[in-house]
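Student: Below are the sequence and a predicted model for it; my questions follow.
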Amino acid sequence: MRQEIAVSRKALRFGILLHVRDVVRYRTTLLTALLGVGLALAAMATSQAKPQAPSSPANPAPAPTTAAPSSLTRQPAAAAPSQTQFVSRSALNIVVLDPAHGGIDLGARGTEGIRESEVVLVFAAEVRKALQAQGFQVVMTREGNDNPSFDDRSARANAQHGAVFVTLHIASTGLAGTARVYVVPDIPPSNDANALIPWDRAQGPFVGLSHLLGDLVQEELAKRFRGSPSIAQVAPVRQLRTTAAPAIAVEISSVIVPERADLDRMVPGVAEAIAQGIVAFKPSYVLPVPAGTPGGKQP
Amino acid sequence: MSPQARVWLAGGLLAAVFAAALYFPALRRQVRRAAQVTEKTAEQARRELLPVTPAASSEPKLKVKMFWGSGNDDGMLKPVTVELPLSNDPVLRAKEVLNTLLAGPVDPEARTLPPDAALLAFYLLPDGTAVADFSEALGTSIPSGIQSEQLAVDSIARTLEADVPQVQRLKILVHGQEVETLAGHIDLTQTFRVNTKVAGTPDAQPPSPVSAIAAPIEKAVQKIENAVKR
């Protein structure tokens, strides 16, 4: 019996493998999906049974729910990353914002009782406003004092179509008043016999796009916060590895500031920089489509 | 029950509540203190069991590069040349340089690893993969953040790169276990390339021997868990 199963809308599209333990987490999604299949099939059977029945404006035929079936139709197995083609230009309209830590995980703690898990929520709220002002839909991984796991946060992003992922952190080191963007280093392609991308290498096909997004956001941050680097830094950030979307981590320095107000003053600038960076990235956004899938370039 | 007995009973209950309110905070403090003492004792015991490898005085003193922080809070490393009596054996040599790295530089601001962290074990596999096992303090005492954790991993990797050429890859364990992250940010499930231009980048291919051993075990455990769930 295979240990892995591909689930979730985007996971199916890119053939991302999830471990069996993740299946438990996605049981609800699967059940909903199966219910959706059933409903879709029933709707199709009904429409086929009455093919000649004209749809009248007074009694319109139920519109087929394209979203559910498309998410349920298993795509052909994804090609290995080496075969992945960036050919499908898709609209980037969603930003998944991840305020790091939360719950019992307070993150970095500094002077005057500053807690990273609380401060990132303030930053995230402002970033959300700035992104919405630019027309983006914003999905938050947490809005209260809870602590989703790394995989839960990634799953939130991986379930979106046409999204980028931004995780927000406050450091306990670094020059106060600066901000850095991190992207993961290259992830070697999987040797999976079925040419599927494992969950723990979901970021693999997106590394190039993440670097581009990271550089654009870092450029905006450097304009607003003197002493910040001019290009994105490379670091194996755990949260980014399982995210199947262009993904960056933004870390602000730091919780070791004389006053909380010093951090609060950075909030509008950080929000504006992230929003402007994503706007600049939007024209470059392409969706990697494995070769052999509809819309994918044949090698 | 007579009214007098009721009054006595109510009075007794109130007294018990007051006594508990006074006693429980004191009890909690005592428990916390006891837990701290136990933790320290365990850490001390580990250090006693695994003493720092003494540098043989007969070994010739060699110049080695230690990568500590620049001390400017800019997230950069700065090589510092120190003289150490070093063994020719790569494992002993690696232990000596890592213990020196842990001991820290003269300027405490340039420290990259927590002062209470200890190297518990170091192995070098035939394929050049080094396994460095640190005490829990490596993860619990390090300042939380991507920059500080990356600096810690880089300082270990670059010091090994400079001083122990036999090391090709680095796997970091904490108290004998593979951990997901160092302190919530940097991924420690993979091996890090050493002796390349960028030392602190993970090296997912080939998987580390530790992962290679752990993966089938994990799969077997999952199979059993699955069977139990059914």
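Tutor: That came through, no problem.
Student: Next up, identify which helix or strand residue A:129 is on.
Tutor: In this structure, residue A:129 is located in helix A:116-133 according to DSSP states H and E.
Student: Any residue of that helix touching chain B?
Tutor: Yes - applying Cβ under 8 Å from any Cβ of the partner chain, one finds helix A:116-133 in contact with chain B at residue A:116. Placement of C-beta: from N, CA and C, glycine included.
Student: Can you list the buried residues in that helix?
Tutor: The neighbour-count criterion (16 or more other Cβ atoms under 10 Å in any protein chain shown) identifies A:116-124, A:126-128, A:130-131 as the buried residues of helix A:116-133.
Student: Which one of those is nearest to chain B?
Tutor: Using Cβ to the nearest Cβ, residue A:116 is the member of the buried residues of helix A:116-133 that lies nearest chain B, at 7.0 Å.
Student: where are the low-confidence patches of chain B?
Tutor: Residue ranges of chain B with pLDDT under 70: B:35-58, B:196-230.
Student: same thing with the stretch 1-150 of chain A?
Tutor: Of all residues in the stretch 1-150 of chain A, those with pLDDT under 70 make up the ranges A:1-90.
Student: Now with 80, please.
Tutor: Low-confidence segments of the stretch 1-150 of chain A, defined by pLDDT under 80, are located at A:1-90, A:111-112.
Student: Smallest gap between it and chain B, at which residue?
Tutor: Evaluated by Cβ to the nearest Cβ, the stretch 1-150 of chain A has residue A:108 as its residue closest to chain B, separated by 4.2 Å.
Student: quick one, phi psi at that residue?
Tutor: Recorded main-chain torsions at residue A:108 are phi -70, psi 140, according to degrees, to the nearest 10.
Student: domain assignment for chain A?
Tutor: Domain assignment for chain A by automatic domain parsing gives A:1-52, A:70-296.
Student: Where does the prediction get shaky in the stretch 151-299 of chain A?
Tutor: When residues are selected by pLDDT under 80, those of the stretch 151-299 of chain A lie in A:189-196, A:287-299.
Student: Of all residues in chain B, which one is nearest the centre?
Tutor: Centroid-nearest residue in chain B, with Cα atoms, centre = their mean: residue B:138, separated by 2.8 Å.
Student: any idea what sits nearest that one, other than its immediate chain neighbours?
Tutor: Taking Cβ to Cβ, 6 or more residues apart in numbering or on different chains as the measure, residue B:138 lies nearest to residue B:117, with 4.2 Å between them; neighbours along the chain are not counted.
Student: Does anything pack onto the biggest strand by length in chain A? Which helices or strands?
Tutor: With DSSP state E setting the assignment, residue counts place strand A:163-171 as the longest strand in chain A. Packing contacts for strand A:163-171, counted by 3 or more Cβ pairs under 8 Å, 6 or more residues apart in numbering or on different chains; DSSP states H and E, involve strand A:94-99, helix A:116-133, helix A:150-158, helix A:238-241, strand A:247-253, helix A:267-281, helix B:146-163.
Student: partner strands of the helix or strand following that strand, parallel or antiparallel?
Tutor: Scanning the chain past strand A:163-171 towards its C-terminal end, the next helix or strand to appear is strand A:178-183 (assignment: DSSP H and E). Taking DSSP bridges as the criterion, strand A:178-183 forms sheet pairs with strand A:233-234 (parallel), strand A:247-253 (antiparallel).
Student: quick revisit: partners of the helix or strand just after the helix holding residue A:129, with directions?
Tutor: Past helix A:116-133, heading to the C-terminal end, the next element that is a helix or strand (DSSP H and E) is strand A:137-140. Looking at strand A:137-140 with DSSP bridges, its paired strands and their directions are strand A:94-99 (parallel).
Student: what's the nearest residue to residue B:75 if we skip its chain neighbours?
Tutor: Closest residue in space to residue B:75, ignoring its immediate chain neighbours: residue B:147 at 4.7 Å, by Cβ to Cβ, 6+ apart.
Student: ok, now which ones touch the one you found?
Tutor: Residue B:147 makes contacts with A:171, A:173, A:174, A:180, A:251, A:253, B:75, as judged by Cβ atoms under 8 Å, 6 or more residues apart in numbering or on different chains.
Student: please redo it, this time with the cut-off set to 10 Å
Tutor: Residues in contact with residue B:147, defined by Cβ atoms under 10 Å, 6 or more residues apart in numbering or on different chains, are A:169, A:171-174, A:180, A:182, A:233, A:235, A:251, A:253-254, B:73-75, B:185-186.
Student: Check those residues for burial and list the buried ones.
Tutor: When neighbours are counted using 16+ other Cβ under 10 Å, the contacts of residue B:147 contain these buried positions: A:169, A:171-174, A:180, A:182, A:233, A:235, A:251, A:253-254, B:73, B:75, B:185-186.
Student: Nearest to residue B:90 among those residues?
Tutor: Residue B:90 lies nearest to residue B:186 out of the buried ones among the contacts of residue B:147, by Cβ to Cβ, at 25.2 Å.
Student: Give the bridge partners for the closest one, please.
Tutor: Judged by DSSP bridges, the bridge partners of residue B:186 are residue A:237.
Student: That one touches residue B:153, doesn't it?
Tutor: Yes - Residue B:186 is in contact with residue B:153 according to Cβ atoms under 10 Å; the separation is 5.8 Å.
Student: Against residue A:254, how distant is the residue of the stretch 1-150 of chain A closest to chain B?
Tutor: Per Cβ to Cβ, to the nearest Å, residue A:108 is found 7 Å from residue A:254.
Student: Overlap of the contact sets of these two?
Tutor: Taking Cβ under 10 Å, 6+ apart as the contact rule, residue A:108 and residue A:254 both touch A:114, A:116, A:170, A:171, A:172, A:173, B:143, B:145, B:148.
Student: can you pull the contacts of residue B:17?
Tutor: With the criterion set at Cβ under 10 Å, 6+ apart, residue B:17 makes contact with nothing.
Student: Where does it sit: helix, strand or coil?
Tutor: For residue B:17, the reduced secondary structure class is helix; criterion used: DSSP: H, G, I helix; E, B strand; the rest coil.
Student: Tell me which residues touch residue B:142, please.
Tutor: Residue B:142 is in contact with A:172-173, B:112-114, B:117, B:148-149, B:151-152, B:182-186, counting by Cβ under 10 Å, 6+ apart.
Student: give me the number of residues near the closest residue to residue A:121 other than its chain neighbours?
Tutor: Using Cβ to Cβ, 6+ apart and skipping the chain neighbours, the partner closest in space to residue A:121 is residue A:99 (5.1 Å). Residue A:99 has 29 neighbours, counted by other Cβ atoms under 10 Å in any protein chain shown.
Student: separation between residue A:99 and residue A:158?
Tutor: 18 Å.
Student: which one among the shared contacts of residue A:108 and residue A:254 gets closest to residue B:129?
Tutor: Using Cβ to Cβ, residue B:148 is the member of these that sits closest to residue B:129, with 25.3 Å.
Student: gap between that closest one and chain A?
Tutor: Distance from residue B:148 to chain A, counting by Cβ to the nearest Cβ, to the nearest Å: 4 Å.
Student: In contact with that residue: list those residues for me.
Tutor: Under the criterion of Cβ under 10 Å, 6+ apart, the contact partners of residue B:148 comprise A:108, A:171-174, A:251, A:254, B:69, B:75, B:112, B:142, B:182-183, B:185-186.
Student: how about a cut-off of 7 Å?
Tutor: Going by Cβ atoms under 7 Å, 6 or more residues apart in numbering or on different chains, residue B:148 touches A:171, A:172, A:173, B:142.
Student: Would you verify that residue A:211 is located in a strand?
Tutor: No - counting by three-state DSSP, one finds residue A:211 to be helix, located in no strand.
Student: my guess is it contacts residue A:233, does it?
Tutor: No - Residue A:211 is not in contact with residue A:233 according to Cβ atoms under 7 Å; the separation is 10.6 Å.
Student: tally of neighbours for residue 134?
Tutor: You didn't pick a chain, so chain A it is. When neighbours are counted by other Cβ under 10 Å, residue A:134 comes out with 12.
Student: ah, I was thinking of chain B
Tutor: For residue B:134, using other Cβ under 10 Å, the count is 25.
Student: Around chain B, pick out the residues from chain A.
Tutor: With Cβ under 7 Å from any Cβ of the partner chain as the criterion, chain A comes near chain B at residues A:3, A:20-21, A:105, A:107-108, A:169, A:171-175, A:180, A:182, A:185, A:187-188, A:234-238, A:241, A:249, A:251.
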